[in-house]
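Asks: Predicted model follows, preceded by the sequence.
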Amino acid sequence: RISSSAAMSRFLRKYPEKEDFNQYWYSSNTIQAVVEEIELLDPQNAFRIAFLSCPSLYFSLPTQRRANATLFDLDDKSFSRAPGFVCWNFNTPPEDLSPDFNEQFDLVLADPPFITHEVWACFAKTMRWIAKPDGKFLLSTIAENASFLSDHLGVAPAVFAPSIPHLVYQYRFFTSYESPRLSVRNPEIPEDE
């Protein structure tokens, strides 16, 4: 079994960020925090987990946990060989996905390549379509999207903010559930941000 830190290191070495896909990876500390969050939410490894446009998180899961996970992403040249990969364009209606994905995921993580409300509306529609009725959401975007995301996905900002070293603005995590792990400040982020 490959540990999450070994998987994360291998991913970060193998896949450089791609500006043309607006791909910017989380820091190792942020990735580890999310992997720990998943472990706390699902200690029995029973959840089906969807990763929408967040390959750095998907590929940082231990191999055993990745068996119950699906990566929805547009970058099929980089990720198509992964067993859980689904080539997905956020502009495509969720009903065009396989019906096998409808209301199947216990946890949906999302990190869209763009922060506009139009893009988030597409993501939200897919997230609601693939999530189980009691499914949980964990996503990242700018703080200015808080009201829109609360209205569309019932999420609230977490205290722990992700570090994305090569991104020029600060993102926030948002969850649809209470998270003790994400209720502490990320020491990588200055207190004034």
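Replies: Thanks, I have it.

Asks: End to end on stretch 33-47, go ahead and measure it.
Replies: 18 Å (C-alpha to C-alpha, to the nearest Å).

Asks: same thing with stretch 170-188?
Replies: 12 Å.

Asks: Next, the buried residues of it.
Replies: Neighbour-count burial for stretch 170-188 flags 171-177, 179, 182, 186 (criterion: 16 or more other C-beta atoms under 10 Å). Where C-beta positions appear, they are placed from N, C-alpha and C, glycine not excepted.

Asks: Same check on stretch 125-143?
Replies: So, applying 16+ other C-beta under 10 Å, buried residues of stretch 125-143: 126-131, 135-141.

Asks: Check what contacts the lowest-mean-pLDDT helix or strand in the chain and list those residues.
Replies: The least trusted helix or strand in the chain, going by mean pLDDT, DSSP states H and E, turns out to be helix 4-14, with a mean of 74. Helix 4-14 is contacted from outside by 25, 28, 31-32, 35, 55-56, 59-63, using C-beta atoms under 8 Å, 6 or more residues apart in numbering.

Asks: could you redo the last one with a cut-off of 10 Å?
Replies: For helix 4-14, the external contacting residues (C-beta atoms under 10 Å, 6 or more residues apart in numbering) are 2-3, 25-28, 31-32, 34-36, 38-39, 55-63, 65-66, 78.

Asks: Buried ones only from those, please, as a PyMOL command.
Replies: Buried subset of the contacts of helix 4-14, written as a PyMOL selection, criterion 16+ other C-beta under 10 Å:
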select buried, resi 25+26+27+28+31+34+35+38+55+56+57+58+59+60+61+62+65+66+78
